[in-house]
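Student: model the structure of this input:
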Amino acid sequence: MNFEWFFSKKTVWKDFRKNPTLRIIVVITQTTIIFGLIIAILTFSIGFGFKKIIKDKLLNIRGQILLHKDNSEKNNPFFSVKKKYLLKKFLKSNLVQQIHGISENNVIISKNKKIDRYIFKGLYNNYNPIFFQYFLITENQKKLLYHKNVILSKKISLSLGLNIGSNIKINFLFFDEKGSPIMISDKFKVSGLYETGISEFDDIYIIGNIKSIQKIYGCKKDLVEKFEIFVSYENIEKKIFKKIPKKFLVKKIQNNYDIVKWINIFDANIIVISLIIFLSITINMVVFILILFLERIKTIGILKILGAENKVIHKIFLFYIIQTLIPSLIIGNCIGIILLIVQKKFHLISLNKTEYFIDYVPIYFNIHHIIFINLSIIFICFMTIFFSSLFFIHKIYPTKVIELE
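Tutor: This next block holds a predicted model:
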């Protein structure tokens, strides 16, 4: 058996039981490591959980960039959906995820002597499937966008007193060539409900089939009013156009950029909290090692008298730290992972959906993050013992220890 390991194992637990001061210091150090590890695991998992939920959900509510005709063609705002494929030559295709043709029209709904104004968003059946995957709160998706079917937000449905299967009369508002308002009414059936948590969207948007708007304007089936362009979070602030095509106006959705700023806040929070945790562990380890050296100063002197080299003594103290560190890492990881699993499965900690766009604390379980945190703590502990022992052990002389005794 290795002498350094045997010596450290026999002495540390014996002194731990006999010396109350050493016992208190060891317990405090282990507790600091355990709580630091748990907080670090939760910080990474929750922080990246929020980032993932924001990127996966909130950036798929609508396209980050809208393309529509310029103001000179108000009387003819539509163009062929086939232009979607022609647009690709103007775009940096590696930055674009999806392009969808849509049409939007102001509508008025009168219910219980109450008149409200909304926006009817007409979509094709192949519109961004991620939107329906995350925000639809009804199970049946097969007939959602059939002609004469509409999807209401949960907020609008409660406001109008409607539910799935209810009939609704929608008045489409548009203007003739002279600018005079014209109202055309049509009846629809509520086929589904959605909820994004973004009040700017949930309060005003009614989702339906694009054929409803095409029919009112007397358009061909392949005509759309706008193109929505979806890009990834990493590309959201990059210039995606090689050259903007003629007669197109480009509009960027401001909410998406506010979301990106919010995402960056989580990065800053993760870094700051991690630094505080690692700093507290470092300070605690330095104090622990210095006290351990003072407790073991006689042992160091005796070992040197018996001819032990500094590197042998250094290894003994290294094994002291390992025997203190391993139980802390095991307990901290077990508690941290259990907390993650419980929250991920049962959503015990809830949030205000209006403020956070999600009604529970999201968890992103990534084994690489946990390995990184553990390795960081191990590295801090080893570097602390290395530099402390390098400075302290070399300064201890056997004659000085004998005189001290």
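Student: only C-alpha atoms from now on, for both contacts and neighbour counts.
Tutor: Fine.
Student: what residue ranges in the stretch 51-200 of the chain score low on pLDDT?
Tutor: 71-77, 86, 139-143 (pLDDT under 70).
Student: any chance you could map the helices in it?
Tutor: 83-87, 129-135, 154-160, 199-202 (DSSP state H, counting those that start in this stretch).
Student: adding distance to residue 186, write those helices out as a markdown table.
Tutor: What follows is these, written out as a markdown table (distance: least, C-alpha to C-alpha, whole Å):
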| stretch | distance to residue 186 |
| --- | --- |
| helix 83-87 | 29 |
| helix 129-135 | 25 |
| helix 154-160 | 17 |
| helix 199-202 | 22 |
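Student: and of the ones you listed, who's closest to residue 109?
Tutor: helix 154-160 (8.8 Å; C-alpha to C-alpha).
Student: which residue is nearest the centroid of this protein?
Tutor: Residue closest to the average C-alpha location in the chain (C-alpha atoms, centre = their mean): residue 51, at 1.7 Å.
Student: next, the residue nearest to that residue when sequence neighbours are not counted: phi, psi?
Tutor: Spatial nearest neighbour of residue 51, excluding adjacent residues (C-alpha to C-alpha, 6 or more residues apart in numbering): residue 263 at 5.7 Å. Main-chain dihedrals, residue 263, degrees, to the nearest 10: phi -60, psi -40.
Student: neighbours of residue 263, how many?
Tutor: As a burial measure, residue 263 scores 19 neighbours (other C-alpha atoms under 10 Å).
Student: most tightly packed of the helices of the stretch 51-200 of the chain?
Tutor: Among the helices of the stretch 51-200 of the chain, helix 154-160 has the highest mean neighbour count (mean count of other C-alpha atoms under 10 Å), at a mean of 17.
Student: against which helices or strands is it packed?
Tutor: strand 181-194, helix 199-202 (3 or more C-alpha pairs under 8 Å, 6 or more residues apart in numbering; DSSP states H and E).
Student: quick one, the helix or strand immediately after the shortest one in the chain and strand 181-194 angle?
Tutor: Past helix 199-202, further along toward the C-terminus, the next helix or strand under DSSP states H and E is strand 205-209. Angle, strand 205-209 to strand 181-194, by axes from the mean of the first three to the mean of the last three C-alpha atoms, to 10 degrees: 90 degrees.
Student: just to revisit the earlier point, for the helices of the stretch 51-200 of the chain, which one sits closest to residue 290?
Tutor: It is, among the helices of the stretch 51-200 of the chain and with distance given as C-alpha to C-alpha, helix 129-135, at 54.2 Å.
Student: hang on, the earlier thing: and residue 363, which of the helices of the stretch 51-200 of the chain is closest to it?
Tutor: helix 129-135 (16.2 Å).
Student: any idea how far that closest one is from the chain center?
Tutor: 17 Å (C-alpha atoms, centre = their mean, to the nearest Å).
Student: which residues are in contact with it?
Tutor: Contacts to helix 129-135, defined as C-alpha atoms under 8 Å, 6 or more residues apart in numbering, come from residues 57, 60-61, 194-196.
Student: what are the phi and psi values at residue 179?
Tutor: The phi/psi pair for residue 179 (degrees, to the nearest 10) is phi 90, psi 10.
Student: what is the burial count for it?
Tutor: 9.
Student: gap between it and residue 248?
Tutor: To residue 248, residue 179 is 23 Å away according to C-alpha to C-alpha, to the nearest Å.
Student: ditto for residue 362
Tutor: Taking C-alpha to C-alpha, one finds residue 362 at 39 Å from residue 248.
Student: report the contact partners of residue 220.
Tutor: Here residue 220 is in contact with residue 214 (C-alpha under 8 Å, 6+ apart).
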